[in-house]
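Peer 1: no sequence on this one, just coordinates:
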Ligand code: C2E
Ligand code: MG
Ligand code: MG
Ligand code: MG
């Protein structure tokens with residue numbers, strides 16, 4: 001009985017896995033054509049100052065409008081794009097879109113020094129052409145390097161032996177800002193991070209989630225965030241809290257001297273026009 005049952009389960013499991021693998025392979029195969037057909041879009045999520053709620057930056061987040069499957073999030077295809085190498089072209093396209101919009105926002109709202117933040121995949125950070133690619137996009141779009149921030153996950157920085165560090169230095173030399181994304185989820189070796197030319201840390205969702213409830217565990221998370229913010233500030237880094245969803249979290253993070261926040265409480269990722277509308281609302285004293 002047990003054996004038959006076990007084999008039955010295996011058969012089901014295999015079929016499911018087979019279907020999943022096929023779906024993955026299918027998606028991977030059509031990625032290049034999807035890029036050519038313009039099926040990708042970039043949304044932008046507000047990053048605001050915790051002190052006064054003013055818009056400081058936006059993070060570019062890619063989406064795929066799949067003709068049959070509907071809207072797909074990056075978690076469903078960025079891994080595939082990395083595996084197949086398409087991430088090099090897709091990543092360049094996202095950066096170009098984001099910098100082109102950055103330039104438009106700068107022209108229309110010259111007083112807001114809105115930073116545009118773009119995720120850099122491990123494979124991109126390791127690509128020998130990455131520095132030239134970024135420099136070229138900045139040149140093409142006329143977007144100033146100092147208003148561009150590149151986000152690299154902590155695990156990406158730590159996982160690869162030496163090489164990304166070199167490209168990070170060369171990227172920093174271009175004048176772009178560098179942020180460590182999802183900070184606290186990897187093997188944070190601050191002694192190592194300290195030697196990197198980074199400007200800010202993005203505190204990973206779990207710490208921020210922990211602050212929600214106000215129970216004893218939340219207190220522990222608050223102490224961790226408190227320590228991380230102090231440490232970051234001591235190293236001259238600014239801190240952005242990710243996944244801020246409630247007023248209570250925002251209040252606590254402000255009290256802990258966190259600099260900026262991002263999350264549904266401040267606004268979901270929206271199309272570029274949504275950011276334009278928000279800038280228009282808050283632009284100081286513009287007549288007509
Ligand atoms: P990330 O860089 O950490 O981006 C933040 C993620 O948190 C986004 O997920 C965003 O939609 C989500 N988020 C926003 N507000 C909240 C909130 O209040 N609570 C919670 N729990 N989550 C919130 P998204 O858009 O699904 O992107 C997932 C990941 O995909 C990103 O994580 C980033 O690592 C990657 N990604 C997105 N766009 C790109 C890209 O153009 N290139 C590369 N290489 N990776 C990208
Ligand atoms: Mg990010
Ligand atoms: Mg993140
Ligand atoms: Mg992430």
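Peer 2: Done, it's in. On a predicted model such as this, the values are computed, not experimentally measured, just so you know. Residues are numbered from 1 along each chain as shown. Ligands and ions are numbered 1, 2, ... in the order given.
Peer 1: tell me where the chain has helices.
Peer 2: Applying DSSP state H to the chain gives helices spanning 2-36, 78-84, 87-108, 122-125, 130-141, 154-159, 163-174, 190-193, 205-210, 216-234, 247-255, 272-282.
Peer 1: now do the last one: distance to the chain's middle.
Peer 2: The reference is to helix 272-282. How far helix 272-282 lies from its chain's middle: 20 Å, per CA atoms, centre = their mean, to the nearest Å.
Peer 1: what residues of that helix count as buried?
Peer 2: Within helix 272-282, the residues scored as buried using 16 or more other CB atoms under 10 Å are 272, 274, 275, 276, 278, 279. The C-beta positions use only the backbone N, C-alpha and C, and glycine is treated the same way.
Peer 1: coming back round to it: right, and the helices of the chain - which one's nearest ligand 3?
Peer 2: helix 205-210 (7.2 Å; CB to the ion).
Peer 1: who touches the closest one?
Peer 2: Contact partners of helix 205-210, identified using CB atoms under 8 Å, 6 or more residues apart in numbering, comprise 182, 184-185, 217-218, 220-222, 224-225, 228, 241-245, 249, 253, 263.
Peer 1: filter the residues you listed by proximity to ligand 1?
Peer 2: The overlap between the contacts of helix 205-210 and the neighbours of ligand 1 (CB under 6 Å from any ligand atom) comes to 182, 242, 243, 245, 263.
Peer 1: take those residues and keep only those in strands.
Peer 2: residue 182 (DSSP state E).
Peer 1: ok, and which of the ones next to ligand 1 among the contacts of helix 205-210 reach ligand 3?
Peer 2: 182, 242 (CB under 5 Å from the ion).
Peer 1: kindly report the residues of the stretch 1-150 of the chain close to ligand 1.
Peer 2: Near ligand 1, when you scan the stretch 1-150 of the chain using CB under 6 Å from any ligand atom, you find 45, 61, 62, 73, 74, 75, 78, 91, 94, 119, 121.
Peer 1: pull out the buried members of these.
Peer 2: Buried among those (16+ other CB under 10 Å): 45, 61, 62, 74, 78, 91, 94, 119, 121.
Peer 1: right, and out of these, which lies closest to ligand 2?
Peer 2: residue 119 (4.6 Å).
Peer 1: specify the beta-bridge partners of the closest one.
Peer 2: Beta-bridge partners for residue 119, by DSSP bridges, are residue 151.
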